[in-house]
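# Based on what follows, work out the 3D shape:
(one chain, ligands or ions: 1)
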Amino acid sequence: MEAGLNNKTILVMGGAGFIGSNFIRSLFSTYPDARIVNVDKLTYSGNLDNLRDIEKEKRYVFVKGDVADRKKITFIFSKYTPDFVINFCAETHVDRSIHVGALEFVRTNVEGVFNLLEAVKQSPRVKKYVQVSTDETFGSIPLNSRRKFREDTAFAPNVPYAATKAGGDLLCRAYHSTWKVPVVVTHCSNNYGPFQYPEKLIPFFITRIMEGKKVPLYGDGKNVRDWIYVLDHCRALERCLLSGKAGEVYNIGADNEMSNLTIARLILKRFNKDESWIEFVADRPGHDRRYAIDANKIKKELGWKPVYDFRKAFDLTVDWYTHHLTWINRVREKTGVFNPHIDLWKAHTSK
Ligand SMILES: NC(=O)c1ccc[n+]([C@@H]2O[C@H](COP(=O)([O-])OP(=O)(O)OC[C@H]3O[C@@H](n4cnc5c(N)ncnc54)[C@H](O)[C@@H]3O)[C@@H](O)[C@H]2O)c1
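Sure thing, here's the model as predicted:
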């Protein structure tokens, strides 16, 4: 076990969401003496049920707070004096940014990052701030191309979510260049695993089938994503906190490209359903065709590599949702229908 994060205070922003809660649980088991302060606004995707097994631990504190609230962030930094900061806070759902509006995306994904950078700039105690970002900032790659996103690939976001994430990432770059703020930015591919709010592809499809509804696929279903198990992502982020070089960018991915159609078929097979359960709907605007990550830099420089086998981790994930009906029902009670936008889009485009 590494001493690295033991006896340190790690400020986890947005730790009640999917990846953040998996990250906290993973850190807790690896570092028995690490202290964690989890700050989360508890938007629709933030869920304290994700951390019930940890919430009573003495070395864990939860604070309800908005990353876009500058005063609150200043207060949190002065009260808890973190050694490390990692930011998962984000508005993340592309459909929402298209159909509901992008203002909240700008507040959380750009202004929120600005607030954290300002706070880190004024806190010499902070050794590292990791800004968790996405491969979607790089735009789209044609299906037949051999190209992959590298750390120096130019940003070319096609949807407001990706544009606001790119805005936050660029602020990180500028704060390091100008003030040497010790920030590292990561770009990861699509995550799957337990505790993901069921508006995202895999849990959305699983919950649809469990409700006896067809799974809706945008366009021809051939859009390709690079899939990584959430705990592989969490281990990569831990490496970035400990050994990532300030000012650097690291891509994280598992070389596991699959079309949405393939994912839908794999899920249907687990439920013994045939393809009549797939419903193709008109494509959404700005829908990127393919993401593909070149993760050689983090492998070479930080010694990380993914260890989870896709088929095993995918089966574990499907089983997790089918065995956690109470979790799903409580989320539904609190937030309503999962991804209503796709049904509205279906109605709109079939007129
Ligand atoms: N899910 C993926 O496949 C994926 C892939 C690559 C990168 N990422 C990035 O990882 C991060 C976490 O993603 P996720 O899938 O866990 O998302 P999520 O929606 O499950 O979690 C986001 C969390 O942030 C909190 N939050 C939102 N706005 C906030 C605000 N203004 N102040 C404080 N808290 C706020 C929410 O309550 C929630 O707990 C995001 O930054 C996302 O861009 C996600």
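# Please verify my assumption that residue 53 contacts residue 29.
No: proximity of residue 53 to residue 29 does not meet the contact threshold set by CB atoms under 8 Å, at 10.5 Å. Quick note: C-beta positions are derived from backbone N, CA and C, even for glycine.
# The protein: strands as residue ranges?
9-13, 35-40, 60-64, 84-87, 128-134, 183-188, 190-192, 215-218, 224-229, 249-252, 257-259, 278-281 (DSSP state E).
# got these as a markdown table, with distance to residue 269 columns?
Formatted as a markdown table, these follow (distance: least, CB to CB, whole Å):
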| stretch | distance to residue 269 |
| --- | --- |
| strand 9-13 | 36 |
| strand 35-40 | 36 |
| strand 60-64 | 39 |
| strand 84-87 | 36 |
| strand 128-134 | 28 |
| strand 183-188 | 27 |
| strand 190-192 | 16 |
| strand 215-218 | 12 |
| strand 224-229 | 16 |
| strand 249-252 | 28 |
| strand 257-259 | 14 |
| strand 278-281 | 12 |
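# Looking at the ones you listed, which is nearest to residue 302?
The closest of the strands of the chain to residue 302 is strand 249-252. By CB to CB, the value is 7.1 Å.
# and this protein, which of its residues are near the ligand?
Taking CB under 6 Å from any ligand atom as the contact definition, the chain meets the ligand at 14, 16-20, 40-43, 45-46, 66-68, 88-92, 108, 112, 132, 134, 165, 188, 190-191, 197.
# Tell me, what's the model's pLDDT at the one residue in the stretch 251-351 of the chain that gets nearest to the ligand?
Using CB to the nearest ligand atom, residue 252 is the residue of the stretch 251-351 of the chain that sits closest to the ligand, at 8.0 Å. On pLDDT, residue 252 comes in at 98.
# and residue 204, how many neighbours?
19 (other CB atoms under 10 Å).
# What residue, apart from its backbone neighbours, is nearest it spatially?
Using CB to CB, 6 or more residues apart in numbering and skipping the chain neighbours, the partner closest in space to residue 204 is residue 198 (5.3 Å).
# try residue 92
Nearest to residue 92 is residue 161, by CB to CB, 6+ apart, at 6.5 Å.
# Could you pull up the residues touching the residue lying closest to residue 110 once chain neighbours are set aside?
Nearest non-adjacent residue to residue 110, counting by CB to CB, 6+ apart: residue 167, 4.2 Å away. Going by CB atoms under 8 Å, 6 or more residues apart in numbering, residue 167 touches 106, 109-110, 113.
# before we move on, what about residue 32?
For residue 32, the contact set (CB under 8 Å, 6+ apart) comprises residue 6.
# So which bits of stretch 162-182 are buried?
162-169, 171-172, 175-176, 181-182 (16 or more other CB atoms under 10 Å).
# For beta bridges, what are the partners of residue 228?
residue 191 (DSSP bridges).
# what residues are up against it?
Here residue 228 is in contact with 188-192, 252-254, 256, 306 (criterion: CB under 8 Å, 6+ apart).
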